[in-house]
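A.B. asks: 3D, please:
(2 chains)
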Amino acid sequence: MKILNFENGQCNRVRSYLDSYLSNELMVETNLEVLKHLESCADCSRLLDDRARIKAQLRRVVSNVQAPEALQDRIRNDLRRPQRFNFSFTPSWMLAAAAVVLAAILGVIFRPGVKSGGSVAQPLSLSAEVKPGDVAGQLLKVGFDDHVYCAIDHGMANKRFTSEALSEKLSPKSAGLVELTKEKMPQGFDVVVGHRCHYQNREFVHLIARRQAEVVSLILTRKNGAAFPTGGVAAEMTAAGVPMHEASWHNLEVAGFETSNYLVFVVSNEVRTENEKIAANLLPGVSDFLRRIDA
Amino acid sequence: MPHLNDLFRTALRMTGNRSEAEDLVQEAYLQAWKSFHRFEPGTNCRAWLYKILFHVIQHHRRRWYNRSARESDESVVETLAYEPPVPQDLRDEDVLAAFDKIPSHYREVVLLADVNEFSYKEVAETLSMPVGTVMSRLSRGRKLLRQELAGFATRYGIKEEDRSA
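C.D. replies: Presented below is the predicted three-dimensional model:
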């Protein structure tokens, strides 16, 4: 039979603390008292070891299970199905808040308020509607879709590549873009991801820069015969002599321009003026870069 | 979806049924989406999702709740009664089986505190109960698990004898 320190009630007292000790919920002083007792009491030590072992094994075996992949798709489809929700009388600030929460649920935390007051059209469905005949809109959607698919849906915006991974995932030709982007982005932004991705039969070079909750994608793809319309576009502006096209869907801003062989997009959760500024800043360097690699 | 696996595992251990767990998690995400106006930006999104999940679980609970296993008395007096040793090499499936036997109102606290590593305060908020109740249920839940597992000592022991015979 075990002999316990019943006389001074020390074992009794320490054992009443063991659960909180295991949960790391004791005050510093009590923690010390428990530690001190454990040093000299093999029985209490054994109890603690048993409990810690069971806790660790339980955690491990429960965590072995993975959610089925189909469940993620089911939930995404559920959340995106606009007809399930009736927001027809919801003020625009609530829609903006909703977009923030949806983004948080889907894994990307946007800075709340970044877009407050901005036009938030149909934030419930990430598949943006573009009017037939809106050629610029159709093209801007190419960049927008890749950002949503890659940075948001696949959580790339939450990744942080090492510089080795960056150069490994980009072709040697496009690796120089990282430095260029770092240099031209506003202060505090860091290029966290750079890789090549495929979406809807197009190949993209995709860089993601972040400054806390601000997420900016720089997306490049070969024209493959596509071109922005010349003139007649209301949202068109000119930066460094190149027409820039803009659109906003679902709390995200897209700016796009073209070089002789490429389409270039800047997609972000910034307000329009800021997104525009970032795109205009990147434009000359990126155009130059693209000219050089094709030369 | 970074919390999806954790929520699914939690739901699975609460129901013991994969398809039911899937439905609960899906429902929880939908609820989260619908009640976004109650989410305060800057607060813990993970804890908020768990709170909604357990709310959904409570709604569906009657379908699998084992009332016979429920103990009405929360104030379990912990004694220094001899604790039988728990075998060193427990099989994973035995740990799961033992855990699933614990009444659900203890299991949920152990899941949140020991598996998902929420603090007492977070568990209390998630399950809408006082911190004191969290502490007593966690302590009791762990003890019930140990007792279940100690039962395996005998079974494992018998196997040892069989092998040497």
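
A.B. asks: contacts and neighbour counts: CA atoms only from here.
C.D. replies: OK.

A.B. asks: List, one by one, the residues from chain B near chain A.
C.D. replies: Contact residues, chain B versus chain A (C-alpha under 8 Å from any C-alpha of the partner chain): B:1-2, B:4-6, B:8-9, B:13, B:22, B:26, B:29-30, B:33-34, B:36-37, B:39, B:41, B:45, B:78, B:80, B:85-86, B:92, B:95-96, B:113-116, B:119-120, B:135, B:138-139, B:146.

A.B. asks: Now a ChimeraX select for only the buried ones of those residues.
C.D. replies: Entered in ChimeraX, the line below selects the buried ones among those, by 16 or more other C-alpha atoms under 10 Å in any protein chain shown:
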select /B:1,4,5,6,8,9,13,22,26,29,30,33,36,39,41,45,86,95,96,113,114,115,116,119,120,135,138,139,146
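
A.B. asks: Okay, and which of the residues of chain B next to chain A map to helices?
C.D. replies: In this view, those that belong to helices under DSSP state H are B:4-6, B:8-9, B:13, B:22, B:26, B:29-30, B:33-34, B:45, B:92, B:95-96, B:120, B:135, B:138-139, B:146.

A.B. asks: Show me the helices in chain A, by range?
C.D. replies: A:10-22, A:28-40, A:42-63, A:69-80, A:92-106, A:135-146, A:163-169, A:176-184, A:272-294.

A.B. asks: would a markdown table of these with distance to residue A:211 be doable?
C.D. replies: What follows is these, written out as a markdown table (distance: least, C-alpha to C-alpha, whole Å):
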| stretch | distance to residue A:211 |
| --- | --- |
| helix A:10-22 | 37 |
| helix A:28-40 | 37 |
| helix A:42-63 | 32 |
| helix A:69-80 | 26 |
| helix A:92-106 | 16 |
| helix A:135-146 | 20 |
| helix A:163-169 | 17 |
| helix A:176-184 | 12 |
| helix A:272-294 | 13 |
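
A.B. asks: Could you point out which of the ones you listed sits nearest residue B:104?
C.D. replies: Residue B:104 lies closest to helix A:42-63 among the helices of chain A, at 15.3 Å (C-alpha to C-alpha).

A.B. asks: Identify all contacting residues around that closest one.
C.D. replies: For helix A:42-63, the surrounding residues in contact (C-alpha atoms under 8 Å, 6 or more residues apart in numbering or on different chains) are A:4, A:11, A:14-15, A:18, A:22, A:38-39, B:6, B:9, B:13, B:85-86, B:92, B:95-96, B:114-116, B:146.

A.B. asks: What is the distance between it and the centre of its chain?
C.D. replies: Centroid separation between helix A:42-63 and its chain, computed with C-alpha atoms, centre = their mean, to the nearest Å, is 36 Å.

A.B. asks: Check stretch B:111-120 too.
C.D. replies: The chain centre lies 9 Å from the centre of stretch B:111-120; the measure is C-alpha atoms, centre = their mean.

A.B. asks: Can you get me the start-to-end distance on that stretch?
C.D. replies: 12 Å (C-alpha to C-alpha, to the nearest Å).

A.B. asks: and chain A, what are its domains?
C.D. replies: Residue ranges of the domains in chain A are recorded as A:6-62, A:65-109, A:135-294, according to automatic domain parsing.

A.B. asks: looking at these, which is buried most?
C.D. replies: Most buried of those, by mean neighbour count (mean count of other C-alpha atoms under 10 Å in any protein chain shown): domain A:135-294, with a mean of 19.

A.B. asks: mind checking the end-to-end distance for it?
C.D. replies: End to end - C-alpha to C-alpha - domain A:135-294 spans 26 Å.

A.B. asks: What distance do you get for residue A:161 to residue A:186?
C.D. replies: The value you get for residue A:161 to residue A:186, if C-alpha to C-alpha is used, is 20 Å.
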